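Q: Build me a model:
(chains A and B)
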Amino acid sequence: MPYGLLSPGVLWLALFFLLPLAFLLRMSLSTRENRYTGETTFDWNWDNYTGAFSDYGEQFLRAFGYAGAATVLCILIGYPMAYFIARYGGAWRNRLLGLVILPFFTSFLIRTLAWQNILADEGPVVSFLRATPFFAEDYQLLNTPAAVIGGLTYNFLPFMILPIYVSLEKIDLRLLDAAGDLYATPSGGFRRVVLPLSLPGVFAGTLLTFIPASGDFVNAALLGNPNTTMIGTVVQDQFLVQLNYPVAAALAFVLMLIITAAVLIYARFLGTEGLTV
Amino acid sequence: MNGRRSWGRIALTVYALLGFVYLFVPIAFIIAFSFNDPEGRFNLVWQGFTLDNWLNPFAEEELTDAMLYSLRIAALSTVAATVLGSLIAIAISRYDFRGKAGIDLLLVLPLTTPEIVLGASLANIFLDIGFNRGTSTIWIAHVMFSVSFVALTVKARIRGFDWNLEDAAADLGAGPWRTFRLVTFPLILPGIIAAGLLSFALSLDDFIITFFTAGSQNTFPLQVWGGSRNGTPPQINVLASLVLVVSVAIIGLGSVWQRIRLRSGHQV
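A: Next up, the predicted model:
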């Protein structure tokens, strides 16, 4: 009986998730024969992988650097918000969570375009900063790495807030009273009781933020400049513009392997409970 | 000590409020710029207030077509993904069987794989077997990434469901189909609806995977992407604001409906 219920969905994932990955692996070991048609032959060509690091190491570093910075910012902004909703939200909890999700009913691309409006040279933020004595007359925000990291942070913030909230909500807050009765200071009680119990949520949120952010190319394209391209930009360009499928495939695989390795290492430190919430 | 605690609480409240402001600043800009009267092709700088865009929300034909196309694809993929994903969720919650851990892993993997990898792998296999990219390939891709979301959402929502109810129904003479239709299905329906809405929203907004699997016809996000290079008509902002308003209305009606049901004695 369970196999009958499972088989249609599992078959779909096998055919359209696992099988394409196998084809992609094969493509990553092929050689391009024709640069105009993109024709390839499979010949165990490992050069695509060695070239991945020597030619695109910079874009890999930027992708992980920007995604890492955005993830840290998401924790710094998102954790206190999730804590506030869980601790003091009261009857308003669900409405506050709704407010966290609401902005994301507008399209991802349009939200990023809105950041162009906000950060543009004629926009309010830059005009204000230029008027203060701390910033130069020609200070810019749009088309800088800061704008790309800011865009990534904004776009993935709810994916940090929601899992942290879920893990905080499960904590019995009387534990804090107990800690207080045992002469823990409020901050000590938080650090030793609440924080450790909420780490699975931070772990899940980190995955949901870091993984999509490291493969993204939209924020780099709309908010950055040619020197802020990430590895996603390269994969997209190699595949859809240059028709260099083997190189694009190898880059995609390297990206996936690095992320998998990072997730496994990270999981050793924080546990994996949060993964399957 | 009490004083310190309340100062901490005030600081946290202010911080959280600023966080909410941050979340809504771009939304305010999207709505504000839907009333802009831009001079060039790009709706980037505020020029002046106009109602023209809202009076002619569908004036940009390509944009409107793209929106209708996106809605159609979202509807088609939601139906398929909700059925496939819910069946998986029922199977894992209801039964113990060999290979369960493997299924759990298979469901999580698409979520921990960057979209660019999923998109490139699908485009690659379609090219390889000579399958033309178009509506059907977008649909295949959207169903693929939605199945996992649906299965995990429904699974989380039916955790704690008392499967003995099915045995009780059987004891009272109901066949398996009747039991499912009259007992199981109504009880797990809220979870399935929530998962369906999620999958609809994911499909409507997906850009990266669609970018790789689309043919010549643009979905709404693809059209906006093209616009970010060639010109962004303010109608983009009008349609985005409309989607937001409709979503809020659906959620609002949903909660009102739930409250009415609760008041009239239906416990869900």
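Q: got any ranges where chain A has weak pLDDT?
A: By pLDDT under 70, the low-scoring segments of chain A are A:270-277.
Q: mind checking pLDDT for B:Val268?
A: Predicted confidence (pLDDT) for B:Val268: 44.
Q: oh sorry, the question was meant for B:Arg178
A: pLDDT for B:Arg178: 90.
Q: for it, what are its contacts?
A: Going by CB atoms under 8 Å, 6 or more residues apart in numbering or on different chains, B:Arg178 touches B:Ala169. From N, CA and C alone the C-beta is placed, and that goes for glycine too.
Q: List the buried residues of the helix or strand hosting it.
A: Following DSSP states H and E, one finds B:Arg178 within helix B:176-179. Residues B:Thr179 are the ones in helix B:176-179 that count as buried (16 or more other CB atoms under 10 Å in any protein chain shown).
Q: next structured bit after it?
A: Using DSSP H and E, the helix or strand that directly follows helix B:176-179 along the chain is helix B:185-205.
Q: Mind checking what helix or strand follows that following helix in sequence?
A: Proceeding N to C from helix B:185-205, the next assigned helix or strand is helix B:208-213, under DSSP H and E.
Q: Surely A:Trp92 is in a helix?
A: Yes: assessed with DSSP: H, G, I helix; E, B strand; the rest coil, A:Trp92 lies in a helix.
Q: Look at B:Asp128 and report its pLDDT.
A: For B:Asp128, the predicted pLDDT is 92.
Q: Quick check: the gap between it and chain A.
A: Computed as CB to the nearest CB, to the nearest Å, the B:Asp128 to chain A distance reads 6 Å.
Q: Give me the nearest residue to that residue, chain neighbours excluded.
A: Closest residue in space to B:Asp128, ignoring its immediate chain neighbours: A:Phe23 at 5.7 Å, by CB to CB, 6 or more residues apart in numbering or on different chains.
Q: show me the contacts for that neighbour.
A: B:Ser121, B:Asn124, B:Ile125, B:Asp128.
Q: which one of the residues you listed has the most neighbours?
A: Using other CB atoms under 10 Å in any protein chain shown as the neighbour criterion, B:Ser121 leads the contacts of A:Phe23 with 29 neighbours.
Q: For it, give me its contacts.
A: B:Ser121 touches A:Pro20, A:Leu21, A:Phe23, A:Leu24, A:Ala252, counting by CB under 8 Å, 6+ apart.
Q: In space, what's closest to the one residue in the stretch 101-250 of chain A that gets nearest to chain B - neighbours in sequence excluded?
A: Distance from chain B to each residue of the stretch 101-250 of chain A (CB to the nearest CB) is smallest for A:Gly215, at 2.9 Å. Nearest residue to A:Gly215, sequence neighbours excluded (CB to CB, 6+ apart): B:Pro114, at 2.9 Å.
Q: doesn't A:Met256 make contact with that neighbour?
A: Yes: counting by CB atoms under 8 Å, B:Pro114 touches A:Met256, with 6.8 Å between them.
Q: Near B:Ile251, how many other residues are there?
A: 15.
Q: Same question for A:Phe239.
A: Count around A:Phe239 with other CB under 10 Å applied: 26.
Q: still on that earlier bit, who touches the residue of the stretch 101-250 of chain A closest to chain B in this structure?
A: Shown in contact with A:Gly215 (CB under 8 Å, 6+ apart): A:Ala63, A:Ile231, A:Gly232, A:Val235, A:Leu255, B:Pro114, B:Glu115, B:Ile116, B:Val117, B:Ile208.
Q: mind listing which of these are in strands?
A: Assignment to strands by DSSP state E places none of the contacts of A:Gly215 there.
Q: Please produce TSV containing those residues, extended by neighbour count and distance to B:Ala141.
A: Below are those laid out as TSV (neighbours: other CB atoms under 10 Å in any protein chain shown; distance: CB to CB, whole Å):
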residue	neighbour count	distance to B:Ala141
A:Ala63	26	22
A:Ile231	30	21
A:Gly232	31	17
A:Val235	28	16
A:Leu255	27	18
B:Pro114	25	14
B:Glu115	23	10
B:Ile116	30	13
B:Val117	26	12
B:Ile208	23	10
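Q: Now, those residues that are in helices?
A: Secondary structure defined by DSSP state H assigns A:Ala63, A:Ile231, A:Gly232, A:Val235, A:Leu255, B:Glu115, B:Ile116, B:Val117, B:Ile208 of those to helices.
Q: As CSV, the residues you listed with distance to A:Leu264 would be great.
A: Formatted as CSV, the ones in helices among the contacts of A:Gly215 follow (distance: CB to CB, whole Å):
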residue, distance to A:Leu264
A:Ala63, 19
A:Ile231, 20
A:Gly232, 22
A:Val235, 22
A:Leu255, 15
B:Glu115, 21
B:Ile116, 21
B:Val117, 17
B:Ile208, 24
